[in-house]
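Asks: return atomic coordinates for the entry below.
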Amino acid sequence: MIRGQGSSRRFVLGALPLVAATLAGCSWTRSVPGPVTTPDARTTDDVLRASATQAEQRLLAAYDSAILAHPSIMAMLRVVRAHHAEHADHLGSAATGAPAAGPAPAATDRAASQQATVAALVTLERQTAVALRAQCLDASVYLAPLLASICAAETAHVDLLAPLSR
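Replies: Take a look at the predicted model:
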C-alpha cells in the first residue's frame with residue numbers, strides 16, 4: 001500500500017473492535033421491553049385482597065350470629081357460612097372454622113326475627129357481590145378470577161337465601 005493514500009490493513013483490523021463496541025451500544029432495531037412490573041400493581045392487589053377478606057370476615061360474623069339465633073335454618077346457613085370460610089381461605093385469611101354455640105332466642109320473636117335476619121344476610125351478600133364486581137376491574141389478571149368467582153358465589157347465596165326471607 002502506498003503511504004498517505006488510505007488506511008493500512010493493520011489499522012482497519014485494529015479499529016474493528018472499537019467499531020464493534022461502538023455499534024453494540026447503538027440499537028438498529030426497536031427493542032422489545034420486558035414485562036413491566038410496577039409496585040402499584042402488587043399494592044393494588046394487596047388492598048383489594050384485604051378488602052375482600054374483610055368483607056368475608058363480616059359475612060362470617062353475620063352467619064355466626066344468624067346460626068346462633070335461628071336453629072331452624074341452621075343447616076342452610078352453615079352451608080353458606082362454609083363457603084365464606086373457603087373464600088377467606090383462598091384470599092389468604094385465617095378464617096374461623098365452625099361457629100360457636102350459644103343460647104337460642106325466645107320462640108315468640110323467632111319468625112319475624114328470622115325473616116329480618118335472612119333479609120339482612122341477603123343485603124350483605126348483595127353489597128359484597130357489587131363491591132367484588134367493581135374490584136375485579138382494578139385487580140391484576142392474577143387476582144381478578146378469584147374475585148369474580150367469589151362474586152358469583154355471593155350472587156348465588158342471594159338466590160339460596162331469598163326464599164328463607166319470605
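Asks: for the protein, what helix or strand is lowest in average pLDDT?
Replies: For the chain, counting by mean pLDDT, DSSP states H and E, helix 9-25 ranks last in confidence among helices and strands (a mean of 59).
Asks: which other helices and strands does the helix or strand just after it contact?
Replies: The first helix or strand that comes after helix 9-25 along the chain, using DSSP states H and E, is helix 39-69. Counting contacts by 3 or more C-beta pairs under 8 Å, 6 or more residues apart in numbering; DSSP states H and E, helix 39-69 is packed against helix 74-91, helix 110-138, helix 144-161. Quick note: C-beta positions are derived from backbone N, CA and C, even for glycine.
Asks: buried residues, the second one. List them.
Replies: By neighbour count on 16 or more other C-beta atoms under 10 Å, the buried set for helix 110-138 is 110, 114, 117-118, 121-122, 124-125, 128-129, 131-132, 135-136.
Asks: and those, which is closest to Ala144?
Replies: For those, the closest approach to Ala144 (C-beta to C-beta) belongs to Cys136, at 4.9 Å.
Asks: next one: the residue nearest to Ala162 when sequence neighbours are not counted from His87, what distance?
Replies: Distance criterion C-beta to C-beta, 6 or more residues apart in numbering; nearest residue to Ala162, sequence neighbours excluded, is Val122 at 6.1 Å. From Val122 across to His87, the span is 17 Å (C-beta to C-beta, to the nearest Å).
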